[in-house]
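S.K.: No letters, just coordinates:
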């Protein structure tokens with residue numbers, strides 16, 4: 001097969017967390033902005049364990065894949081296809097559109113660039129076993145920045161954009177469905193969100209959340225501090241401490257549980273300190289984001305008529321109680 005496109009790319013920088021805390025954000029992939037192909041069917045390509053380990057090591061250290069779960073990475077490794085080339089063969093050509101990402105199993109490949117009318121020159125260090133190149137082709141079509149040519153017989157593994165988008169998109173869909181279930185079970189006072197909010201409103205809440213990974217032993221919230229954020233644990237566990245109980249945790253929260261929910265109503269003085277017991281991934285929702293998308297939460301709790309934020313003056317207001325009676329709020 002002919003694989004066209006640019007090499008030597010580097011993925012866009014990871015979005016940093018705007019916070020003084022030491023939490024590290026998960027890499028957010030530009031591909032997630034693409035429409036999800038619900039009809040995509042993964043076709044695995046059998047490969048020995050040694051080759052799987054080589055490919056896995058290459059993708060794990062690549063910035064583009066840092067936001068992928070282990071399950072996603074395993075699926076991605078499954079679909080890599082072998083691509084053999086002889087000495088002198090051009091794998092990708094400068095200026096062509098790119099569609100594939102490559103991992104080198106054996107052999108070496110030179111990087112060549114042509115500037116204007118000048119002769120093509122070799123630049124940088126040749127790619128060898130374990131190296132990878134062409135990752136930006138997985139995100140979008142853009143002209144390849146350089147030509148990559150085999151210096152001797154090479155064995156490569158390639159991943160196409162369609163497979164990458166199909167796998168990451170379907171995993172994203174599964175995560176969203178799971179998160180909708182988690183958020184729907186959140187209890188504010190005596191009421192559960194799914195009992196007084198519509199499915200579309202809960203979907204909006206999921207879209208407004210941001211996920212962060214806390215390292216084991218890292219403080220998430222501190223007793224006595226003001227808070228404006230709800231936390232929902234997607235994976236891992238979190239210990240809850242109160243000053244009155246000293247160093248003994250009063251509770252341990254795990255996947256699907258939440259804390260800080262009062263912050264969605266008003267400025268909340270944290271009643272306990274929460275520390276990650278293990279590495280923990282949390283979905284975080286700020287009160288400001290909730291209010292901007294859906295209006296004050298108290299209006300939902302009180303079953304009051306709510307004007308959707310951003311609605312035109314004079315437009316019909318949303319009556320939660322009436323909608324529930326008509327079956328629109330589930």
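M.R.: All right, it came through fine. No experiment lies behind these values; they were computed from the predicted model shown. Numbering: from 1, shown residues only.
S.K.: C-alpha only now, for contacts and for neighbours.
M.R.: Will do.
S.K.: Doesn't residue 206 belong to a strand?
M.R.: No - read with DSSP: H, G, I helix; E, B strand; the rest coil, residue 206 is helix and lies in no strand.
S.K.: quick one: contacts for it?
M.R.: 176, 179, 180, 183 (CA atoms under 8 Å, 6 or more residues apart in numbering).
S.K.: Of these, just the buried ones, ChimeraX syntax please.
M.R.: In ChimeraX, this line selects whichever of the contacts of residue 206 come out buried by 16 or more other CA atoms under 10 Å:
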select :179,180,183
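S.K.: Could you dump the contacts of residue 206 into JSON lines and include distance to residue 98, secondary structure and pLDDT?
M.R.: Formatted as JSON lines, these follow (distance: CA to CA, whole Å; DSSP: H, G, I helix; E, B strand; the rest coil; pLDDT from 0 to 100):
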{"residue": "176", "distance to residue 98": "30", "secondary structure": "helix", "pLDDT": "85"}
{"residue": "179", "distance to residue 98": "34", "secondary structure": "helix", "pLDDT": "84"}
{"residue": "180", "distance to residue 98": "36", "secondary structure": "helix", "pLDDT": "88"}
{"residue": "183", "distance to residue 98": "39", "secondary structure": "helix", "pLDDT": "84"}
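S.K.: With respect to residue 266, which of the contacts of residue 206 is nearest?
M.R.: Within the contacts of residue 206, proximity to residue 266 (CA to CA) peaks at residue 183, which comes in at 18.7 Å.
S.K.: low pLDDT regions in the stretch 201-330 of the chain?
M.R.: Applying pLDDT under 70 to the stretch 201-330 of the chain picks out residues 293-294, 297-330.
S.K.: Mind doing that once more with 50?
M.R.: Residue ranges of the stretch 201-330 of the chain with pLDDT under 50: 304-330.
S.K.: quick one, strands of it?
M.R.: Listed in chain order, the strands of the stretch 201-330 of the chain (DSSP state E, counting those that start in this stretch) span 210-214, 219-221, 226-227, 229-235, 238-241, 251-253, 258-259, 268-269, 273-276, 280-286, 305-306, 318-319.
S.K.: any chance of those strands in a markdown table, with distance to residue 78 too?
M.R.: A markdown table is the format used below for the strands of the stretch 201-330 of the chain (distance: least, CA to CA, whole Å):
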| stretch | distance to residue 78 |
| --- | --- |
| strand 210-214 | 26 |
| strand 219-221 | 36 |
| strand 226-227 | 43 |
| strand 229-235 | 24 |
| strand 238-241 | 33 |
| strand 251-253 | 34 |
| strand 258-259 | 35 |
| strand 268-269 | 47 |
| strand 273-276 | 33 |
| strand 280-286 | 25 |
| strand 305-306 | 49 |
| strand 318-319 | 48 |
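S.K.: Any chance of TSV for the ones you listed, columns mean neighbour count and distance to residue 137?
M.R.: Output for the strands of the stretch 201-330 of the chain, formatted as TSV (neighbours: other CA atoms under 10 Å; distance: least, CA to CA, whole Å):
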stretch	mean neighbour count	distance to residue 137
strand 210-214	19	26
strand 219-221	19	37
strand 226-227	18	41
strand 229-235	22	31
strand 238-241	24	39
strand 251-253	15	41
strand 258-259	21	38
strand 268-269	16	46
strand 273-276	23	37
strand 280-286	22	29
strand 305-306	16	45
strand 318-319	14	45
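S.K.: Nearest to residue 112, out of these?
M.R.: For residue 112, the closest of the strands of the stretch 201-330 of the chain is strand 210-214, at 39.3 Å, according to CA to CA.
S.K.: quick one: strands adjacent to that closest one?
M.R.: In the sheet, strand 210-214 lines up against strand 24-25 (antiparallel), strand 280-286 (antiparallel) (DSSP bridges).
S.K.: elements contacting the host helix or strand of residue 155?
M.R.: Using DSSP states H and E, residue 155 sits in strand 154-160. When contacts are defined as 3 or more CA pairs under 8 Å, 6 or more residues apart in numbering; DSSP states H and E, strand 154-160 sits against strand 81-85, strand 100-106.
S.K.: Would you mind giving those as a markdown table with mean pLDDT added?
M.R.: Putting the helices and strands packed on strand 154-160 into a markdown table (pLDDT from 0 to 100) gives the following:
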| stretch | mean pLDDT |
| --- | --- |
| strand 81-85 | 96 |
| strand 100-106 | 96 |
